[in-house]
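Trainee: Show me how the following folds:
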Amino acid sequence: MLNRTDRHPPMPGEADVKYLDGDFRVVRPGAFVRCAVTGVAIPLEELRYWSVDLQEAYATPEAVLQRGVSTYGKK
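Mentor: Purely as a prediction, here's the structure:
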């Protein structure tokens with residue numbers, strides 16, 4: 001059994017992630033996900049912002065706001 005400190009190096013490439021409320025689940029292992037707004041690679045250990053409804057990740061709070069305006073601001 002592995003302890004939290006006994007981690008294997010991350011798999012190379014992009015991960016497939018299921019975004020949940022307050023957490024996320026890695027469906028396909030990888031080292032990173034891409035920001036839906038900027039396209040920047042976000043290492044999984046640095047992933048802090050995502051949308052459960054849209055199932056996409058964001059690199060920064062500014063990217064969250066930009067996506068919110070472009071997605072929810074349309075009437």
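
Trainee: Show me what the residue nearest to the spatial centre of the chain bridges to in the sheet.
Mentor: For the chain, the residue nearest the mean C-alpha position is residue 57 (3.7 Å; Cα atoms, centre = their mean). Note on residue 57: beta-bridge partners residue 35, residue 50, judged by DSSP bridges.

Trainee: Low-confidence regions, the protein specifically.
Mentor: Scanning the chain for pLDDT under 70 picks out the ranges 1-10, 71-75.

Trainee: my guess is the residue nearest to the centre of the chain contacts residue 37, does it?
Mentor: No. In this structure residue 57 lies outside contact range of residue 37 using Cβ atoms under 8 Å: 9.4 Å. For every residue, glycine as well, the C-beta is placed using N, CA and C.

Trainee: what number of residues lie near residue 67?
Mentor: Number of residues near residue 67 (other Cβ atoms under 10 Å) recorded here: 19.

Trainee: Name the nearest residue to it, ignoring sequence neighbours.
Mentor: residue 37 (5.2 Å; Cβ to Cβ, 6 or more residues apart in numbering).

Trainee: which SS state does the one you found fall under?
Mentor: coil (DSSP: H, G, I helix; E, B strand; the rest coil).

Trainee: Figure out how far the helix or strand harbouring residue 68 is from the centre of its chain.
Mentor: Using DSSP states H and E, the element containing residue 68 is helix 61-72. Here helix 61-72 is found 15 Å from its chain centre; the criterion is Cα atoms, centre = their mean, to the nearest Å.

Trainee: State the distance from residue 50 to residue 12.
Mentor: 22 Å (Cβ to Cβ, to the nearest Å).

Trainee: quick one, which of these two is more surrounded?
Mentor: residue 50 (21 against 9).

Trainee: show me the contacts for the more buried one.
Mentor: Residue 50 makes contact with 17, 19, 24, 56-58 under the criterion Cβ atoms under 8 Å, 6 or more residues apart in numbering.

Trainee: Kindly report the same for residue 64.
Mentor: 49, 51, 58 are the contacts of residue 64 under Cβ under 8 Å, 6+ apart.

Trainee: Please repeat the previous calculation with a cut-off of 6 Å.
Mentor: 49, 58 (Cβ atoms under 6 Å, 6 or more residues apart in numbering).
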